[in-house]
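1. task: produce atomic coordinates for the following.
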Amino acid sequence: MTSVLGEVPQELPALSRATRISENAAAVGFDWTSIADIRAKIAEELAELDAALADSGHTASAHVVEEFGDLLVALVNLSRHLKIDAEGALKAASTKFERRFRHMEALAAAQGKALESLSAAQWDALWREAKRAGV
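-> Numbering: from 1, shown residues only. Coordinates of the predicted model:
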């Protein structure tokens, strides 16, 4: 039997592959009817991830990994409905994070602070300063 999911290459980046699979399923009617429904599914998957984390003592158990993957698939469906390239969005967010983090490193160095010695509050202050700087 031939699947409507087709032959989506395993070699694709994971977000791109998830998008293609979801597009193929949607083409035959297996899809969300609204953004609100997808957001509810994301909230459900996040709650399931929280429960799995609590059950595992906040370790990356097989159940936690499974629930994390389910959350990612739900987010991919949201990106598809919003017509956002999930792969591109993640690349852009990673680049922005890297740019801000490098700015934070420079700020810490200018203040004579070793990165390893910073408290969570100090990291947060540096992050907010980098955001204010438009980095």
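2. make it CA atoms for all contacts and neighbour counts henceforth
-> Fine.
3. how much space is there between Asp70 and Ala130?
-> 32 Å (Cα to Cα, to the nearest Å).
4. mind listing the helices for this structure?
-> Along the chain, counting by DSSP state H, helices occupy 14-27, 35-56, 62-81, 86-110, 120-132.
5. specify the angle between the second one and helix 62-81 in degrees.
-> Right, helix 35-56. Using axes from the mean of the first three to the mean of the last three Cα atoms, to 10 degrees, the inter-axis angle of helix 35-56 relative to helix 62-81 is 170 degrees.
6. and stretch 108-121, how far out from the chain's middle?
-> Offset of stretch 108-121 from its chain centre (Cα atoms, centre = their mean, to the nearest Å): 27 Å.
7. do stretch 62-80 as well
-> Distance of stretch 62-80 from its chain centroid, counting by Cα atoms, centre = their mean, is 9 Å.
8. what are the buried residues along it?
-> Buried residues in stretch 62-80, defined by neighbour count with 16 or more other Cα atoms under 10 Å: 63-64, 67-68, 70-80.
9. run through who's touching that stretch.
-> 15, 18-19, 22-23, 35, 38-39, 41-42, 45-46, 48-49, 52-53, 56, 85-86 (Cα atoms under 8 Å, 6 or more residues apart in numbering).
10. please save the CA atoms from that stretch in PDB.
-> Extracted in PDB, the C-alpha atoms of stretch 62-80 (Å, rounded to 0.1, in the frame of the first residue of the first chain):
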ATOM      1  CA  ALA A  62      12.400   8.200  26.900                       C
ATOM      2  CA  HIS A  63       8.900   9.600  27.900                       C
ATOM      3  CA  VAL A  64      10.300  13.100  28.200                       C
ATOM      4  CA  VAL A  65      12.000  12.900  24.800                       C
ATOM      5  CA  GLU A  66       8.700  11.500  23.200                       C
ATOM      6  CA  GLU A  67       6.600  14.400  24.700                       C
ATOM      7  CA  PHE A  68       9.200  17.000  23.600                       C
ATOM      8  CA  GLY A  69       9.000  15.600  20.100                       C
ATOM      9  CA  ASP A  70       5.200  15.800  20.200                       C
ATOM     10  CA  LEU A  71       5.500  19.500  21.200                       C
ATOM     11  CA  LEU A  72       7.800  20.200  18.300                       C
ATOM     12  CA  VAL A  73       5.400  18.500  15.900                       C
ATOM     13  CA  ALA A  74       2.600  20.700  17.200                       C
ATOM     14  CA  LEU A  75       4.800  23.800  16.800                       C
ATOM     15  CA  VAL A  76       5.600  22.700  13.200                       C
ATOM     16  CA  ASN A  77       1.900  22.500  12.500                       C
ATOM     17  CA  LEU A  78       1.400  26.000  13.800                       C
ATOM     18  CA  SER A  79       4.300  27.300  11.600                       C
ATOM     19  CA  ARG A  80       2.700  25.600   8.600                       C
END
